[in-house]
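Undergrad: need a 3D model of the sequence below.
(2 chains)
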There are 2 protein chains.
Amino acid sequence: MPTFSLPSLENIREAHTAIQPFIHRTPVMSSSAINIMAGCSIFFKCENLQKVGAFKARGAANAVRKLSDSQKLKGVATHSSGNHAAALARAAQVAGIPAYIVMPKTAPEIKKAAVASYGGEIIECEPTQQAREEMLGKVVEKTGATFIHPYDFMDVIEGQATAALELIEDVEGLDVIITPVGGGGLLAGTLLTAGYMNPSLEVYAGEPQGADDAFRSLQTGERQPSLKPNTIADGLLTSLGEINFAIIQGRIKEIITVSDEEIKAAMKLILERMKIVIEPSSAVPLAAILKEKETFAGKNVGVILTGGNVDLGI
Amino acid sequence: MPTFSLPSLENIREAHTAIQPFIHRTPVMSSSAINIMAGCSIFFKCENLQKVGAFKARGAANAVRKLSDSQKLKGVATHSSGNHAAALARAAQVAGIPAYIVMPKTAPEIKKAAVASYGGEIIECEPTQQAREEMLGKVVEKTGATFIHPYDFMDVIEGQATAALELIEDVEGLDVIITPVGGGGLLAGTLLTAGYMNPSLEVYAGEPQGADDAFRSLQTGERQPSLKPNTIADGLLTSLGEINFAIIQGRIKEIITVSDEEIKAAMKLILERMKIVIEPSSAVPLAAILKEKETFAGKNVGVILTGGNVDLGI
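TA: The predicted structure follows:
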């Protein structure tokens, strides 16, 4: 167990104020058709409409603003082929500092183009976890840049915690919040905010059956590795982080696992009924609600739609 | 040339107030990335987020509210396989009156399901224009229902005119508005509202090259039939209406035609950058702006995104 001190509500509010110029206060949307199907009132926090198309803009902006002046001079680095890569590149660009992003050679061109469009320097590597970590180590050694972990890092968690802050401020009378869980940055941040602002608010997570390491970790009480994860929810393939697990344990109400078919059906529902573009990971909480309707029946349920970066094949 | 009297601005405002309980005041969205590409500032009026997923909810609601009490008793009828069908069924349901919707046998199940979900009675016919009109005649004769034309009808045009009313109220300093043109209901309504509210506001339309009857009608000064229209913008296959043409002529600045490839590229841009779902017809104005950049350079351009009912194949 790592030692760390948790951000207070005051810290989270301070982070929110500090990053506000660089992020959107995203809208909360509802669909009466989906509410009827689900048997509860769902308030969707649209982080798919966030800068860079994902909540990751929050954590990256917060991590960058907390760097010391000498750290800022040398910039930031990470390895990621997903939303954190683009979010960190943008946060660095806004702050006027370098960003070094290690990406597997095989990453889709559209992901590389996004990082490049924010001025991030891309360093390619072989598409294995080991190659990514080794290359990152070399980059950090050479440049002196600060490694910003995508989720297992308190400043990032503190930033992600601001999404639930806005949701709780904007929707009166929430009974439940549900988020997806991958590495656990958003979920940990949401648990902290909810616990401070309204201790009776229950927090759930949805997780793909094909990448259910967080579910198994809670069951066994020990952090379980994510072995050969396989799901269309490509943002949730990562393993639950160490400090994320420590925060989640004992605070979360339940993790509900869902199949790829259930994720696809929920995604279709959101595209067709709400006319907004979400990536498959964002559909996981609605899939969980529709699977366990009795748990949420009649309640006011906040759902964080995490991102909208998906290739719809148009 | 038909004789008709145009609605005044006061009429349009009255329509707006009357239908307000039954429609959304849709948001106006912008994308800095798209603005950079286009070289102008675009304000997207999101009628894809309107009730039934299209601006057609406005015209249908207005036509139904203007029925006499004796007409209301017998209900409304139309032939359509598109957004007007669902919009009229919903407007009738809200008013508690019957709606008879003639649809081709071959209409997609999802379109029939939408009409049925609003309580519309579907009467199937062969998939030809003649069969549709004949069946509609029979239905009207049998039921006494009032035929609500999808666009060539002043009460419908007056309803569609309320979209531009909201856009002009919500965005200060617009120089231009551009809409797609199919039958011409939205375009005619937009021209009326813009002309009343700000005579210096220029109105353009975008039209698919594969269904360019409105473009040809303006060129020749006579309404041209839509012969074998063929475009992915399936909401724009219909022929320009008679009173629509009369309103458009002399008021519109220009119709810009675009290819299906240009429509697809604009649609992809909106899905990827704005994370909202639009149907291909909605992408036609952006395609026109990107095609004739010099026309719009540096201007504040309002775009009406007409609808979001599309099967993305998820």
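Undergrad: just give the number of residues close to whichever residue of the stretch 1-150 of chain A sits closest to chain B.
TA: Here the stretch 1-150 of chain A gets closest to chain B at one residue, A:N48, 4.8 Å apart by Cβ to the nearest Cβ. (C-beta placed from N, C-alpha, C; glycine too.) As a burial measure, A:N48 scores 25 neighbours (other Cβ atoms under 10 Å in any protein chain shown).
Undergrad: kindly report the same for A:R65.
TA: 17.
Undergrad: I'd assumed A:I19 was in contact with it.
TA: Yes. Assessed by Cβ atoms under 8 Å, A:R65 is found in contact with A:I19 at 6.6 Å.
Undergrad: about what we covered before: state the distance from the residue nearest to the residue of the stretch 1-150 of chain A closest to chain B when sequence neighbours are not counted to A:S281.
TA: The shortest distance from A:N48 to any non-neighbouring residue, by Cβ to Cβ, 6 or more residues apart in numbering or on different chains, is to A:G308 (3.1 Å). Between A:G308 and A:S281 the computed distance is 10 Å (Cβ to Cβ, to the nearest Å).
Undergrad: swap in A:F4?
TA: According to Cβ to Cβ, A:F4 and A:S281 sit 26 Å apart.
Undergrad: ditto for A:V156
TA: Distance of A:V156 to A:S281, computed by Cβ to Cβ: 17 Å.
Undergrad: how about A:V181?
TA: A:V181 sits 10 Å away from A:S281, going by Cβ to Cβ.
Undergrad: these two: who's more crowded?
TA: Legend: neighbour count by other Cβ under 10 Å for A:V181 and A:S281, higher for A:V181 (33 against 30).
Undergrad: ok, now which ones touch that one?
TA: A:L187, A:A205, A:G206, A:E207, A:A214, A:L236, A:L240, A:I248, A:I255 (Cβ atoms under 8 Å, 6 or more residues apart in numbering or on different chains).
Undergrad: centre of the chain to the one helix or strand in chain A whose mean pLDDT sits lowest, how far?
TA: Ranked by mean pLDDT, DSSP states H and E, the helix or strand of chain A with the weakest confidence is helix A:109-117, at a mean of 89. How far helix A:109-117 lies from its chain's middle: 19 Å, per Cα atoms, centre = their mean, to the nearest Å.
Undergrad: any idea which helix or strand comes after that helix?
TA: As assigned by DSSP states H and E, the chain's next helix or strand after helix A:109-117 is strand A:121-125.
Undergrad: how about the very next helix or strand once past that following strand: buried residues?
TA: Counting by DSSP H and E, the next helix or strand C-terminal to strand A:121-125 is helix A:129-143. Neighbour-count burial for helix A:129-143 flags A:A131, A:R132, A:M135, A:L136, A:V139, A:V140, A:T143 (criterion: 16 or more other Cβ atoms under 10 Å in any protein chain shown).
Undergrad: TSV for those, including pLDDT and distance to B:K228?
TA: Shown next, in TSV, are the buried residues of helix A:129-143 (pLDDT from 0 to 100; distance: Cβ to Cβ, whole Å):
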residue	pLDDT	distance to B:K228
A:A131	92	56
A:R132	91	55
A:M135	96	57
A:L136	97	58
A:V139	97	59
A:V140	97	63
A:T143	98	62
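Undergrad: residues from chain A in reach of chain B?
TA: A:27, A:48-49, A:53, A:264, A:267-268, A:271-272, A:275-278, A:308, A:312-314 (Cβ under 8 Å from any Cβ of the partner chain).
Undergrad: now, of those, which are buried?
TA: Buried members of the residues of chain A next to chain B, counted by 16+ other Cβ under 10 Å: A:48-49, A:53, A:264, A:267, A:271-272, A:275-278, A:308, A:312, A:314.
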